[in-house]
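K.L.:
fold the stuff below for me.
(2 chains)
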There are 2 protein chains.
Amino acid sequence: MSVTAARGFTAAGIAAGIKQNGKPDLALVVNTGPRQDAAGVFTSNRVKAAPVRWSEQVVKGGVVSAVVLNSGGANACTGPRGFQDTHATAEKAAEVLGLSSDEIAVASTGLIGVTLPMDQLLPGVAEAAAQLSADGGERAAVAIKTTDSVHKTAVATRDGWTVGGMAKGAGMLAPGLATMLVVLTTDAALDSGVLDTALRDATRLTFDRVDSDGCMSTNDTVLLLASGASQVSPEYAEFADAVREVCADLARQLIADAEGASKEIRIEVTGAASEDDAVEVGRSIARNNLLKCALHGEDPNWGRVLSAIGTTRAAFHPDELNVAINDVWVCKNGAVGEDRSLVDMAGREVRITADLAAGPDSAVIWANDLTAEYVHENSAYAS
Amino acid sequence: MSVTAARGFTAAGIAAGIKQNGKPDLALVVNTGPRQDAAGVFTSNRVKAAPVRWSEQVVKGGVVSAVVLNSGGANACTGPRGFQDTHATAEKAAEVLGLSSDEIAVASTGLIGVTLPMDQLLPGVAEAAAQLSADGGERAAVAIKTTDSVHKTAVATRDGWTVGGMAKGAGMLAPGLATMLVVLTTDAALDSGVLDTALRDATRLTFDRVDSDGCMSTNDTVLLLASGASQVSPEYAEFADAVREVCADLARQLIADAEGASKEIRIEVTGAASEDDAVEVGRSIARNNLLKCALHGEDPNWGRVLSAIGTTRAAFHPDELNVAINDVWVCKNGAVGEDRSLVDMAGREVRITADLAAGPDSAVIWANDLTAEYVHENSAYAS
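P.N.:
Down below sits the predicted model:
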């Protein structure tokens, strides 16, 4: 049901000819109201794509009436021309929808350093507007795919209101969001300040803790649009829970579909002196290429977990560290623990627990293994 | 010529049976004097192998009369037993050489989390001592190999004195040294304080700037031993230059022999506001898996260079960044520059220049590409 699960939204997804292979590449999501409150979270990469810089400004106003998204080109590192192209895209959508361009967000994904084919894109915006419908959410989700093998949607329904969303992302998945475009919609009636708080609370614990390959994108964008069409204003905790549920669902789908991955790795850091320590250690484990290779080879190589922990500033004593892989405590007190041959590595999911024995805090980071297929996909992507 | 190029040193390398495949696995280097001044630099990983903790203490005294090195096991994450094994190794060497164990450094390399077969190792120390000779340097260099395809030695000869050395390391090559054991020897007559300064100056610019795969080892050890046998006490600058020359030569050999690599990547960051900025940016580029894959595929993907720069705290403006790949400025002012098809990627060496346009400082980091062979070697290593 995607972005049209909540009332007050229409969407479309079409093939505008941005991708040379003729696949869908342009999505449009419109908030038909009665309200157009919105919030957004963007990449923390300092090299930001033109649409990110545009949409950050749009979201600051707290009102977003439509979102234009394209795959087939990131419009990143494209100079002043790239920003003009984003502006022209918003202007075109404003024109065909009868809206103001400063309430139209734009998101792009694909190769960096390539300007968008505006001769295809702008007519595509008009065509998408003509195809807007209350069941267009799935087609929109399909149109934002790049190397994704499947499109990704999620919905959480509560008492009289709904949060739905779509996501794309398959590589360059890392901190400060994972390379992805996400649009969430809700028919709850809430102002942009509440939406912003709920969205940041949710992304901090979901998309921000996906670290597929350690690479941070120039284009990460997560938008939350609220139409108020349900005429229900839920309590904050209930609303935040629904947003987090949808974000967690989509984040899990990103990890499951990461480029070339054969394993989904759940890294839980426990016994940390602070949540920051837990996240730092989790990320360090998530990014250790040698460990990622070992897990691909179904080798429960806990030594590589310890060497990754050792590179962090977190509070711990090396001789108090404990590590479990798939619930077998293969490392106890910084040394050999239970027999590593007891670890069953056959499944697609691998669970690592790293106990720092230094405090009460914890965090979960999701990562992927490193495979020859990942190398292949990412050495051939641009060609 | 290795560690026996300088006068006042003997060495041996033998197969003690630590490696199950019967290959050489134990090296011994002895400083026959007249002086035994020494300095050492060790991994900055907080999870340190037992021999690192031992040798740090030995080096603090400023005197090292012998070094025992083994491949076939890192003796890391092996608990109190591991430290006892290192101690016993030094005691055995002291016994057979007629020296004091607190002047004997120990270094180990191989799998983490496996205790050493002391029944093989201790008799091996005696056997190696019996085979010590002034031309044993090459055999010692061979005995410390793990997945290295070749053994690595270097020599710098000056007016009446010499610096020589051997290194091993092929994976887990990263900051705060690259996974490696290095022993440098000289017949210059210098005290341990001077040796320490020269060694730190050299490693900071050589081994510390090798970042093959972003992974930091538990065992990195670089030792510099001085016999004084030349009876020459060179000026500091001249000596430091010779030490740096040998370290640079060995570091370059490490990158050339890195596990599974098909490219050696020289990353020069220029126009940085500080040397720290230049190093931070260089490391971020060196560790970007997507870029490493692209370079493996001979794709001059400068967008991935910019997205890596964007994750750092270095001073720069995104629209002033310039990037050259093999001397073609494919990115100018943060956007498309010269035609990327002009870049010849066929050679084994790839040169990336990242100009931050923010100041006068620079740094060079060496890295490798990411290949299916790297994945294969490191998913099969423990099995």
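
K.L.:
wait, is residue A:105 part of a strand?
P.N.:
Yes: applying DSSP: H, G, I helix; E, B strand; the rest coil, one finds residue A:105 inside a strand.

K.L.:
so what's it bridging to?
P.N.:
Counting by DSSP bridges, residue A:105 is bridged to residue A:67.

K.L.:
same check, this time on residue A:364
P.N.:
Beta-bridge pairing of residue A:364 under DSSP bridges involves residue A:268.

K.L.:
give me the pLDDT value at it.
P.N.:
Confidence at residue A:364, expressed as pLDDT, is 95.

K.L.:
surely it touches residue A:272?
P.N.:
No: applying Cβ atoms under 8 Å, one finds residue A:364 not in contact with residue A:272, separated by 11.7 Å. Glycine gets a C-beta too; all of them are placed from N, C-alpha and C.

K.L.:
the more surrounded of those two?
P.N.:
residue A:272 (26 against 17; other Cβ atoms under 10 Å in any protein chain shown).

K.L.:
ok, which stretches of the stretch 1-150 of chain A are helices?
P.N.:
A:50-60, A:79-97, A:118-130, A:137-143 (DSSP state H, counting those that start in this stretch).

K.L.:
and the longest one, average pLDDT?
P.N.:
Taken as a whole, helix A:79-97 has a mean pLDDT of 97.

K.L.:
what residues sit buried inside it?
P.N.:
Neighbour counts over helix A:79-97 (16 or more other Cβ atoms under 10 Å in any protein chain shown) mark A:79, A:82-83, A:85-86, A:88-90, A:92-94, A:96-97 as buried.

K.L.:
could you chop chain A up by domain?
P.N.:
A:2-256, A:264-380 (automatic domain parsing).

K.L.:
ok, residue A:75 - contacts?
P.N.:
A:49, A:50, A:51, A:82, A:85, A:86, A:108, A:115, A:116 (Cβ atoms under 8 Å, 6 or more residues apart in numbering or on different chains).

K.L.:
should've said residue A:374
P.N.:
Per Cβ under 8 Å, 6+ apart, neighbours of residue A:374: A:213, A:259, A:260, A:261, A:368, B:289, B:293, B:375.

K.L.:
just send the buried residues of helix A:79-97 back as a markdown table, with distance to residue A:242 too.
P.N.:
Output for the buried residues of helix A:79-97, formatted as a markdown table (distance: Cβ to Cβ, whole Å):
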| residue | distance to residue A:242 |
| --- | --- |
| A:79 | 40 |
| A:82 | 35 |
| A:83 | 35 |
| A:85 | 35 |
| A:86 | 31 |
| A:88 | 36 |
| A:89 | 31 |
| A:90 | 29 |
| A:92 | 33 |
| A:93 | 28 |
| A:94 | 30 |
| A:96 | 32 |
| A:97 | 28 |
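
K.L.:
those also near chain B: which ones?
P.N.:
Under the cut-off given by Cβ under 8 Å from any Cβ of the partner chain, chain B has A:79, A:82 from the buried residues of helix A:79-97 close to it.

K.L.:
quick check: closest non-adjacent residue to the residue in the stretch 151-300 of chain A positioned nearest to chain B.
P.N.:
Residue nearest to chain B within the stretch 151-300 of chain A (Cβ to the nearest Cβ): residue A:297, separated by 2.7 Å. The shortest distance from residue A:297 to any non-neighbouring residue, by Cβ to Cβ, 6 or more residues apart in numbering or on different chains, is to residue B:379 (2.7 Å).

K.L.:
tell me if that neighbour really is in a helix.
P.N.:
Yes: remark: residue B:379 belongs to a helix, assigned using three-state DSSP.

K.L.:
still on that earlier bit, what is the burial count for the residue of the stretch 151-300 of chain A closest to chain B?
P.N.:
If you count neighbours by other Cβ under 10 Å, residue A:297 ends up with 21.

K.L.:
likewise for the one 5 residues further on?
P.N.:
Applying other Cβ under 10 Å, we find 28 residues neighbouring residue A:302.

K.L.:
look up how far residue A:378 lies from it.
P.N.:
28 Å (Cβ to Cβ, to the nearest Å).

K.L.:
can you check residue A:117 too?
P.N.:
Applying Cβ to Cβ, the value for residue A:117 to residue A:378 is 24 Å.

K.L.:
higher neighbour count, the two?
P.N.:
Taking other Cβ under 10 Å, residue A:117 and residue A:378 do not tie; residue A:378 has more neighbours (28 against 19).

K.L.:
which residues touch that one?
P.N.:
A:171, A:259, A:260, B:289, B:290, B:293, B:294, B:297.

K.L.:
one more time with 10 Å, if that's ok
P.N.:
Applying Cβ atoms under 10 Å, 6 or more residues apart in numbering or on different chains to residue A:378 gives the contacts A:147, A:171-172, A:213, A:215, A:259-260, B:289-294, B:296-297, B:299, B:301, B:304, B:370.

K.L.:
and what of residue A:249?
P.N.:
Shown in contact with residue A:249 (Cβ under 10 Å, 6+ apart): A:152, A:153, A:154, A:155, A:156, A:165, A:167, A:206.

K.L.:
how many neighbours does the closest residue to residue A:196 other than its chain neighbours have?
P.N.:
With sequence-adjacent residues excluded and distances taken as Cβ to Cβ, 6+ apart, residue A:196 is closest to residue A:39, at 3.8 Å. When neighbours are counted by other Cβ under 10 Å, residue A:39 registers 25.

K.L.:
if residue A:39 is in a bridge, with which residues?
P.N.:
Per DSSP bridges, the residues bridged to residue A:39 are residue A:224.

K.L.:
dump the residue contacts of it.
P.N.:
A:59, A:62, A:64, A:184, A:190-200, A:222-226, A:243.

K.L.:
just the ones of the residues you listed in strands?
P.N.:
Counting by DSSP state E, the part of the contacts of residue A:39 found in strands is A:184, A:222, A:223, A:224, A:225, A:226.

K.L.:
are any of the residues you listed buried, and which?
P.N.:
Looks like these have A:184, A:222, A:223, A:224, A:225, A:226 buried, using 16+ other Cβ under 10 Å.

K.L.:
nearest to residue B:342, of the residues you listed?
P.N.:
residue A:222 (37.9 Å; Cβ to Cβ).
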